[in-house]
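K.L.:
Using only what follows, build the 3D model:
(2 chains)
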Amino acid sequence: MTAPALARVAVVGASAAGLSVAEGLRRDGYTGRLTLIGDEPHLPYDRPPLSKQLLSGAWDADRLRLRSAEALDALGLDLRLGAAAVALDTEAREVALADGDRVGYDALVVATGVAARRLPGTDGVAGVHVLRTLEDALDLRGELRPGRRLVIVGAGFVGAEAAAVAREAGAEVTMVTDAAVPLADALGPDLGAMLSQVHAEHGVRIVPGVLVDAVLTEGGRASGVRLADGRTIEADAVLVGIGARPNTGWLAASGVPVGDGVECDATLHAGSGVWAAGDVASWPHPRTGERVRIEHRTNAAEQGLAVAHNILAGPDHATPFDPVPYVWSDQYDLKIQVYGQLRGYNQVRVVEGSLAERRLTALYGRDGRVCGAAGVTMPRATRRYRLLVAEQAPWPSTADLAPPPSARQAPSARQAPSARQAPSAGSAASGGPALSGRDA
Amino acid sequence: MKISVDVDKCCGAGQCVLAAPDVFDQRDEDGIVILLDANPPADQYDNVRKAAAVCPAAAIEVQE
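P.N.:
So this is what the prediction gives:
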């Protein structure tokens, strides 16, 4: 099928991914109608600071704006804010909005993101929070005062960042997670344990290895949580940080393939002129063939640009989306950065710094190849290992790491570890998923 | 082209360095952006636009 003449593009979702599609289209020369539809009333704003600078009060909401009003004006958008898409008709090529309006399109981009998962029975209960939108963050910020007791359910990046901010605001923080080690899902048990220790040193009480059974209420307001083992923890507020699910409900009757997100092909096309970008998009990653869906800020921007490019190229000339995923997290004075996908890793090695210093870069391997690199407060050094991740380089032996990896066909010497920055041969080889300290 | 960066917003992701290594670098200690060339030559324009577009903190402003 060839692309129909392209005069109307509708982008549903006015956050990072949707904005990136719009900017990409204009930059690549698209001059037709460009409708950007967002269910929130705000101009496009950034979400990572919600659990960081916005939550702490260091920034006000205006600093979250992704683009100035002038920059948005320059895009020539038909901007529909506060207008949720409620249905899609792929035959008529129309999207229906909650306000009753219908928007026709030649190409449509689903960039509706994800919604925070909630605990059953907690809708409308005062004092129970999630952290996904600006309003969520401002509501939670109002709870963070000295002496207030906050229970955080879940120990992913959002929960961990909120814990750090809440402690710095003087709140009493208890973190409950079903994982044995907080953040172990994201970073492995050793880095997870190190981060848990940092949180404990900052006064976070960590309750691992147990599910939360229910939120307890008194007079319609959260008063604590009951754990699956029968224990209860009193609280003035509860933050639920147990992940998110794709916003695809509005596509139910559309025929657009939906599983865990919109199921696209490798070029992010879901058929019938429908594309997807950002947290909501699932696609078979060209390197692994595995279907992935990535909830990272950088993915939203890169995927938006890729969709813009592919829409203009048309389905027959679209190119696969082949990123090196990247995510970061700030907790206290630690800056955590992850390239690639660590899921399923079975090899890991600290290649610079050490767990003891709380400053390190670690390589992660899967089936004999590098699948990821994670850094703690070594951002520039960690970035240099991105090349190994991008190449899915063979898992380096200790000897391989002594000379710079740039010896192996590095496209840019800048991105490869130089001899000065290359890991020392003193790194202990590690065949298993336990980290080895550099001097171990 | 004139580039400005907001180092307070910068989150140290280094995506700009990957997109335009002749124009951006990062500080060693915290990864914060270093603007190497605020008025880059024309052959850098595409890279710079890409860097601004993918910056996850919207910390790069480009005036053309």
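
K.L.:
could you say which helix or strand contains whichever residue of chain B sits closest to chain A?
P.N.:
Closest residue of chain B to chain A, Cβ to the nearest Cβ: B:Gly31 (2.7 Å). Heads up, the C-betas are built off the backbone N, CA and C, glycines and all. Assigned by DSSP states H and E, B:Gly31 belongs to no helix or strand.

K.L.:
contacting residues around it?
P.N.:
Shown in contact with B:Gly31 (Cβ atoms under 8 Å, 6 or more residues apart in numbering or on different chains): A:335, A:337, A:379-380, A:383, B:12-14.

K.L.:
A:Leu388 - that's part of a helix, no?
P.N.:
Yes: using DSSP: H, G, I helix; E, B strand; the rest coil, the assignment for A:Leu388 is a helix.

K.L.:
A:Gln341 is in contact with A:Pro325, correct?
P.N.:
Yes: taking contacts as Cβ atoms under 8 Å, A:Pro325 lies within contact range of A:Gln341: 5.8 Å.

K.L.:
Distance check, A:Pro315 against chain B.
P.N.:
Computed as Cβ to the nearest Cβ, to the nearest Å, the A:Pro315 to chain B distance reads 23 Å.

K.L.:
my guess is that residue meets A:His269, correct?
P.N.:
Yes: counting by Cβ under 8 Å, A:His269 is a contact partner of A:Pro315 at 5.4 Å.

K.L.:
For burial, what's the neighbour tally of B:Val62?
P.N.:
If you count neighbours by other Cβ atoms under 10 Å in any protein chain shown, B:Val62 ends up with 16.

K.L.:
thinking it is in contact with B:Ala53, fair?
P.N.:
No: counting by Cβ under 8 Å, B:Val62 sits too far from B:Ala53 to count as a contact (9.3 Å).

K.L.:
quick one, helices of chain B?
P.N.:
Assigned by DSSP state H, the helices in chain B fall at B:15-19, B:45-54.

K.L.:
Would the longest one count as contacting chain A?
P.N.:
Yes: when contact is scored as Cβ under 8 Å from any Cβ of the partner chain, part of helix B:45-54 falls within range of chain A: B:49-50, B:53-54.

K.L.:
Closest to A:Leu36 out of these?
P.N.:
Nearest to A:Leu36 among these is B:Ala53, at 15.6 Å by Cβ to Cβ.

K.L.:
Select, out of the helices of chain B, the one closest to A:Arg63.
P.N.:
Of all the helices of chain B, helix B:45-54 comes closest under Cβ to Cβ, at 17.2 Å.

K.L.:
Chain B contacts on the stretch 301-440 of chain A?
P.N.:
Within reach of chain B by Cβ under 8 Å from any Cβ, the stretch 301-440 of chain A has these residues: A:301-302, A:305, A:326, A:328, A:330, A:335, A:337, A:377, A:379-381, A:383, A:386, A:412, A:414-415.

K.L.:
Which of the residues you listed are buried? Put it as a ChimeraX command.
P.N.:
Buried residues among these (16 or more other Cβ atoms under 10 Å in any protein chain shown), as a ChimeraX selection:
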select /A:301,302,305,326,328,330,335,337,377,379,380,381,383,386,414,415
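
K.L.:
which stretches of the chain have low pLDDT?
P.N.:
If you meant another chain, say so; for now it's chain A. Applying pLDDT under 70 to chain A flags the ranges A:1-4, A:399-440.

K.L.:
State which one residue of it is found closest to chain B.
P.N.:
A:Pro379 (2.7 Å).

K.L.:
any idea how far A:Trp395 is from the closest residue in space to that residue that isn't next to it in sequence?
P.N.:
Among residues not flanking A:Pro379 along the chain, B:Gly31 sits closest, at 2.7 Å (Cβ to Cβ, 6 or more residues apart in numbering or on different chains). According to Cβ to Cβ, to the nearest Å, B:Gly31 stands 26 Å off from A:Trp395.

K.L.:
do A:His129 as well
P.N.:
Going from A:His129 to A:Trp395 by Cβ to Cβ gives 42 Å.

K.L.:
ditto for A:Gly82
P.N.:
A:Gly82 is 50 Å from A:Trp395, by Cβ to Cβ.

K.L.:
cool, and A:Gly353?
P.N.:
20 Å.

K.L.:
Going by residue numbers, what spans are strands in chain B?
P.N.:
Here chain B has its strands, by DSSP state E, at B:2-5, B:24-26, B:33-35, B:60-63.

K.L.:
Compile those strands into TSV and extend it with columns for distance to chain A.
P.N.:
Shown next, in TSV, are these (distance: least, Cβ to the nearest Cβ, whole Å):
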stretch	distance to chain A
strand B:2-5	12
strand B:24-26	5
strand B:33-35	10
strand B:60-63	8
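
K.L.:
Point out the most buried one among those.
P.N.:
strand B:24-26 (a mean of 21; mean count of other Cβ atoms under 10 Å in any protein chain shown).

K.L.:
which secondary structure elements does that strand contact?
P.N.:
Judged by 3 or more Cβ pairs under 8 Å, 6 or more residues apart in numbering or on different chains; DSSP states H and E, the packing partners of strand B:24-26 are helix A:379-384, helix B:15-19, strand B:33-35.

K.L.:
Can you say which of these is nearest to A:Ala390?
P.N.:
Relative to A:Ala390, the nearest member of those by Cβ to Cβ is helix B:15-19, separated by 9.6 Å.

K.L.:
what is the rounded mean pLDDT of the closest one?
P.N.:
When pLDDT is averaged over helix B:15-19, the result is 93.

K.L.:
is it anywhere near chain A?
P.N.:
Yes: judged by Cβ under 8 Å from any Cβ, helix B:15-19 comes into contact with chain A at B:15, B:17-18.

K.L.:
Buried ones from the residues you listed, can you make that a PyMOL selection?
P.N.:
Command for PyMOL that selects the buried part of those, burial taken from 16+ other Cβ under 10 Å:
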select buried, chain B and resi 15+17+18
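
K.L.:
Can you tell me which of the residues of helix B:15-19 next to chain A is nearest A:Gly156?
P.N.:
For the residues of helix B:15-19 next to chain A, the residue nearest A:Gly156 by Cβ to Cβ is B:Gln15; the value is 22.2 Å.

K.L.:
you'd agree the closest one is up against B:Val54?
P.N.:
Yes: judged on Cβ under 8 Å, B:Gln15 makes contact with B:Val54 at a distance of 4.8 Å.

K.L.:
Distance from stretch A:379-392 to the middle of the chain?
P.N.:
Distance, stretch centre to chain centre, for stretch A:379-392: 19 Å (Cα atoms, centre = their mean, to the nearest Å).
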